[in-house]
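# just a sequence and a predicted model for now, questions to come.
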Amino acid sequence: GDSVTQMEGPVTLSEEAFLTINCTYTATGYPSLFWYVQYPGEGLQLLLKATKADDKGSNKGFEATYRKETTSFHLEKGSVQVSDSAVYFCALREFSGGYNKLIFGAGTRLAVHP
Amino acid sequence: EAGVAQSPRYKIIEKRQSVAFWCNPISGHATLYWYQQILGQGPKLLIQFQNNGVVDDSQLPKDRFSAERLKGVDSTLKIQPAKLEDSAVYLCASQDRNNSPLHFGNGTRLTVT
């Protein structure tokens, strides 16, 4: 079945450093791809998405490009802040039986220190 | 708009006891999901409802887990009897249309001792 693989954490960075969190997927079709973020004590929130190849999703300074040739959707940010400390989940949406469902990666914890 | 509400926020029980979680989705959202998130892992779908009907429960351990959404609005998830490996955060999410984003609640953290 479809699956998502993320780089293991934790990722520890200094403020203003460049961030990359790798995500690759396995899917039989052409899924939509998502990044969700979970701040401490809060629920999952959609960060950004891309629905087809070469689409770039962006939000709050984060970007990710849907790369069909490498089946990847890596998350990047040019300059991280302490407030970006959270767990980041890559996910794909597959269609099954006429309905869609999200399949998540294991999550990558990001810790940003001043 | 009000978000997805879940209760309780935390629950500690002993193994072999039973427990129930409650979820109230965003008003008007037809689709409701229950996910299990074990520490260090991504959320795993347990069951998906479309209104009050089950769409997908293929990963629900039906010998001990049950869920219902009788009036197509709020939902309960029950575990009876609980095992140690059921310790996890149980997340509820709702969605209004097939391609729209999922909205997640803050989850219920269950500890089974």
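Looks like it arrived, so ask away. Numbering: from 1, shown residues only, chains lettered A, B, ... in the order given.

# verify the contact between A:Tyr39 and A:Tyr88 for me.
No - using Cβ atoms under 8 Å, A:Tyr39 is not in contact with A:Tyr88, being 10.4 Å away. For glycine as for every other residue, the C-beta is placed from the backbone atoms N, C-alpha and C.

# who has more neighbours, the two?
Neighbour totals were compared for A:Tyr39 and A:Tyr88, and A:Tyr88 leads with 24 against 13 (other Cβ atoms under 10 Å in any protein chain shown).

# that's a strand at that one, yeah?
Yes - counting by DSSP: H, G, I helix; E, B strand; the rest coil, A:Tyr88 is located in a strand.

# how much space is there between it and A:Ala27?
Distance from A:Tyr88 to A:Ala27, counting by Cβ to Cβ, to the nearest Å: 20 Å.

# now chain A against chain B: closest residue?
Using Cβ to the nearest Cβ, the closest approach of chain A to chain B is made by A:Phe104 at 3.3 Å.

# quick check: residues of chain A near chain B?
With Cβ under 8 Å from any Cβ of the partner chain as the criterion, chain A meets chain B at residues A:4, A:32, A:41-46, A:49, A:89, A:91, A:96-97, A:99-107.

# ChimeraX command to pick out the buried ones of the residues you listed?
To isolate the buried subset of the residues of chain A next to chain B in ChimeraX, counting by 16 or more other Cβ atoms under 10 Å in any protein chain shown, use the following:
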select /A:4,32,43,44,45,46,49,89,91,100,101,102,103,104,105,106,107
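
# report how many residues lie close to B:Tyr33.
Neighbours around B:Tyr33, by other Cβ under 10 Å: 25.
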